[in-house]
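Peer 1: sequence and predicted structure below; questions after.
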Amino acid sequence: MSALAGKIAENLNKIRATQPLIHNITNFVVMNFTANVLLASGASPVMAHADNEAEEMVEHAGALVLNIGTLTDAWVGAMIRAGRKASELGKPIILDPVGAGATSLRTNAARAILAQTWVSVIRGNTSEILSLAGQDSITKGVDATHALTDVSETAPLLARELGTTLAVTGPIDLVTDGRRSLIIEGGHSLMPRITGTGCAATALVGAFHAVDKDPVSAAATALAFFAVAGEAAGAQAQGPGSFVIHLLDALYSLSPEEVEARCRIRQG
Amino acid sequence: MSALAGKIAENLNKIRATQPLIHNITNFVVMNFTANVLLASGASPVMAHADNEAEEMVEHAGALVLNIGTLTDAWVGAMIRAGRKASELGKPIILDPVGAGATSLRTNAARAILAQTWVSVIRGNTSEILSLAGQDSITKGVDATHALTDVSETAPLLARELGTTLAVTGPIDLVTDGRRSLIIEGGHSLMPRITGTGCAATALVGAFHAVDKDPVSAAATALAFFAVAGEAAGAQAQGPGSFVIHLLDALYSLSPEEVEARCRIRQG
Amino acid sequence: MSALAGKIAENLNKIRATQPLIHNITNFVVMNFTANVLLASGASPVMAHADNEAEEMVEHAGALVLNIGTLTDAWVGAMIRAGRKASELGKPIILDPVGAGATSLRTNAARAILAQTWVSVIRGNTSEILSLAGQDSITKGVDATHALTDVSETAPLLARELGTTLAVTGPIDLVTDGRRSLIIEGGHSLMPRITGTGCAATALVGAFHAVDKDPVSAAATALAFFAVAGEAAGAQAQGPGSFVIHLLDALYSLSPEEVEARCRIRQG
């Protein structure tokens, strides 16, 4: 997959050169970390969730990141307004369905956003992604497998059903639009012991998508960059506190050539 | 107090084995740090404050943590709804009355939560805890002492008045339900120079209470664990920034045996 | 400018001795970092934004910091209520017009706060500050220069127009009330790669203003202290993650004498 490795370096160079503005409507827990991850990587974050501001802000942005953690109805409304504007303007929307499946507010919010805006990439874990499936054969197939180990078979079907690209993260990440599938390896076991690593990965997909119109390539290169930085951080960390620090330092310090040499992306 | 030292190791093992979900309705300042403290310790945090989500989320949780910093009326409503549901389900509620006594909104909110839900443990500093006392002999007794140095005499009376367990933290911590009282020593002088250490301690009481039904034992072992981690962090820190990092690393790395050996709990 | 260098040491000593309460109504992204910067420096932060609490809280405070990031109309209302109360009580108000000029919500909010309260210091970057100018010769003069390199000529005019002190930060900082102008050098190139450094600087102006009634001296000494701490942190950091940690450690550890010796303030 050397072509895509080259694409990582190209995308990272573009982000650092152009510092694309990434508009985040995201949850309270991860706002600070998300902003710092974007800044360390070279992008420019902005957070704006007011009903009477979100549409205006999205006009300045290179991508819109919608994250449904710590949700209320008012935020869902702002997300949909901003998302419609981004759809109109042809700007990529990345959805993080945090906790979808856990409560009806979150599941319904994710589905409403999907129904009313053009989501380019959904980044979530297996259960969040699968909660977005309808009451049809896909879900039944998933129920039948129980263990969901074979998300690599289910995800392409779901991507086609939803008409979007899925970025399913976990110990190994999968990116698929239903036709092309890519597997990304790397990262570190401390990543799930820190709040907001998934949300930060979603925001990075936004930064890469702002400079790369292909959702599959944008999502895969973003996740591979994050995985390389996670590996570098894990090699130095003594626990989750120092891991966060080394992760931000790595996102800032890793050269495009280092990332290209270390990333592990292969056909799914 | 070797029995309770053994209880710390037992509780910590249970948290790391079962990763109990701790539902926090907490303030904006400390959400990220609280989540990271819970994750580092082995628990699973979730934050959800929407009126139409809080009750549903609490069904999944092992404990509910209510923290009244950065409050508005809407949040008080969600706290009470979630708290009533937790009371119905017999799930432990831990209240952090941040700033009670400083404004009427906060004092009234803490009292409303106490009146309308079954709070198992209140974790606060001396002035926050004492602001919850009624206009009776206890308060007058407190006023009479002025210096409040003798919280160890007042707190058991107040615990009985409120029908709950009090965890009063400061240079030395006191846990009492009015019959049993325990003193916890340890910690570090940098802890009050970091925002959210009290709130994080409250969340840890939630994690310990999720695996230990006795509120006195749960609160005392949680605070003793935090104190041991604080001591370990303080031994390495060069200021409040590095203290936070070492604290998270210590919460993650300390073995139950180390915590048991180093903790200092005694009869109050 | 040795007189003002001595003023830094004096102000820092006062903050550490009296721990003034700084009331912040600020944005979600930076609340935690702002609180930690204030605590590390010796001040006591409080965040309170409820309509029915903000006025009561400001009575306890030594200064009020209003920051318009992640704004909604409800927050603007609370800021104006708190600001009016602070104006009545003669307490200094520091405004951070985050993103003013980027959306009409933010530009209008900043102008409404300026119109309805007595703002003592505005701390922002060049474009935020200039967005507050009216439709008159100043703005046209700015448009004419295009590059805005000469903010040192424009800012004093704008300070007089707005009747306040301006603290314009960037690679070099400028503080002016239209009569006196001071230039502060220092800091580090990593500062803009971390979210909230500007907001933290604003909060520090609040802490210094709580102990120093002269807005020019308060703002200049606060920014010079922050610049010295930034330089110290930058000398040790390996990226933006470790920079944050070293910055908090430096704010806590630097002695007033060290800050006095290293600060660089000169007449503008």
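Peer 2: Structure's in. What do you need?
Peer 1: what residues does chain A put near chain B?
Peer 2: A:27-30, A:32-33, A:69-73, A:99, A:102-106, A:192-196, A:237-242, A:244-245 (Cβ under 8 Å from any Cβ of the partner chain). For every residue, glycine as well, the C-beta is placed using N, CA and C.
Peer 1: surely residue A:56 is within a helix?
Peer 2: Yes: assessed with DSSP: H, G, I helix; E, B strand; the rest coil, residue A:56 lies in a helix.
Peer 1: for it, what are its contacts?
Peer 2: C:103, C:104, C:105 (Cβ atoms under 8 Å, 6 or more residues apart in numbering or on different chains).
Peer 1: can you flag which of those belong to helices?
Peer 2: Secondary structure from DSSP state H places C:104, C:105 of the contacts of residue A:56 in helices.
Peer 1: are any of the contacts of residue A:56 buried, and which?
Peer 2: Buried members of these, scored by 16 or more other Cβ atoms under 10 Å in any protein chain shown, are C:103, C:105.
Peer 1: and chain A, which of the contacts of residue A:56 reach it?
Peer 2: C:103, C:104, C:105.
Peer 1: check whether the longest helix belonging to chain A comes into contact with chain C.
Peer 2: Determined from DSSP H, the single longest helix within chain A is helix A:215-236. No: using Cβ under 8 Å from any Cβ, helix A:215-236 never reaches chain C; the gap is at least 8.7 Å.
Peer 1: correct me, but residue A:53 touches residue C:70?
Peer 2: No: in this structure, residue A:53 is not within contact of residue C:70 by Cβ atoms under 8 Å, at 9.5 Å.
Peer 1: about what we covered before: pLDDT on the longest helix of chain A, on average?
Peer 2: Helix A:215-236 shows a mean pLDDT of 98.
Peer 1: what angle separates the following helix or strand past it from helix A:215-236?
Peer 2: Downstream of helix A:215-236, the next assigned helix or strand under DSSP states H and E is helix A:240-253. Helix A:240-253 and helix A:215-236 are oriented at 130 degrees to each other (axes from the mean of the first three to the mean of the last three Cα atoms, to 10 degrees).
Peer 1: the helix or strand hosting residue A:10 and chain C, are they touching?
Peer 2: Take DSSP H and E as the rule and residue A:10 turns out to sit in helix A:2-18. No: judged by Cβ under 8 Å from any Cβ, helix A:2-18 makes no contact with chain C; its nearest approach is 11.0 Å.
Peer 1: and that helix, what does it pack onto?
Peer 2: helix A:31-41, helix A:197-211, helix A:215-236, helix A:256-262, strand A:264-267 (3 or more Cβ pairs under 8 Å, 6 or more residues apart in numbering or on different chains; DSSP states H and E).
Peer 1: go again with 7 Å.
Peer 2: helix A:197-211, helix A:215-236, helix A:256-262 (3 or more Cβ pairs under 7 Å, 6 or more residues apart in numbering or on different chains; DSSP states H and E).
Peer 1: who's in contact with the next helix-or-strand element following that helix?
Peer 2: The first helix or strand that comes after helix A:2-18 along the chain, using DSSP H and E, is strand A:21-25. Strand A:21-25 is contacted from outside by A:34, A:38, A:43-49, A:54, A:57-58, A:60-67, A:75, A:78-79, A:82, A:203, A:206-207, A:210, using Cβ atoms under 7 Å, 6 or more residues apart in numbering or on different chains.
Peer 1: from the chain's centre, how far out does strand A:21-25 sit?
Peer 2: 12 Å (Cα atoms, centre = their mean, to the nearest Å).
Peer 1: kindly export that strand (C-alpha atoms) in PDB.
Peer 2: Only the C-alpha atoms of strand A:21-25 are listed here, as PDB (Å, rounded to 0.1, in the frame of the first residue of the first chain):
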ATOM      1  CA  LEU A  21      -9.900  25.500   9.900                       C
ATOM      2  CA  ILE A  22     -11.900  22.600  11.400                       C
ATOM      3  CA  HIS A  23     -15.200  23.500  12.800                       C
ATOM      4  CA  ASN A  24     -16.100  21.200  15.700                       C
ATOM      5  CA  ILE A  25     -19.500  20.800  17.400                       C
END
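Peer 1: beyond the worst-scoring helix or strand of chain A on mean pLDDT, next helix or strand please.
Peer 2: One helix or strand of chain A scores below all others by mean pLDDT, DSSP states H and E: helix A:137-145, with a mean of 42. Per DSSP H and E, the first helix or strand lying C-terminal to helix A:137-145 is helix A:151-162.
Peer 1: and the next helix or strand past that following helix?
Peer 2: Immediately after helix A:151-162, counting by DSSP H and E, sits strand A:165-168.
Peer 1: give the buried residues for that following strand.
Peer 2: Applying 16+ other Cβ under 10 Å to strand A:165-168 flags A:165, A:166, A:167, A:168 as buried.
Peer 1: leaving out chain neighbours, which residue sits closest to residue A:116?
Peer 2: Excluding its sequence neighbours, the residue lying closest to residue A:116 (Cβ to Cβ, 6 or more residues apart in numbering or on different chains) is residue A:80, at 5.2 Å.
Peer 1: do residue A:72 as well
Peer 2: Using Cβ to Cβ, 6+ apart, the nearest residue to residue A:72 is residue B:50, at 4.4 Å.
Peer 1: so that neighbour touches residue A:106, yeah?
Peer 2: No: checked against Cβ atoms under 7 Å, the pair residue B:50 and residue A:106 is beyond contact range at 9.3 Å.
Peer 1: so what sits against both of those two?
Peer 2: With Cβ under 7 Å, 6+ apart as the test, residue B:50 and residue A:106 both reach residue A:71.
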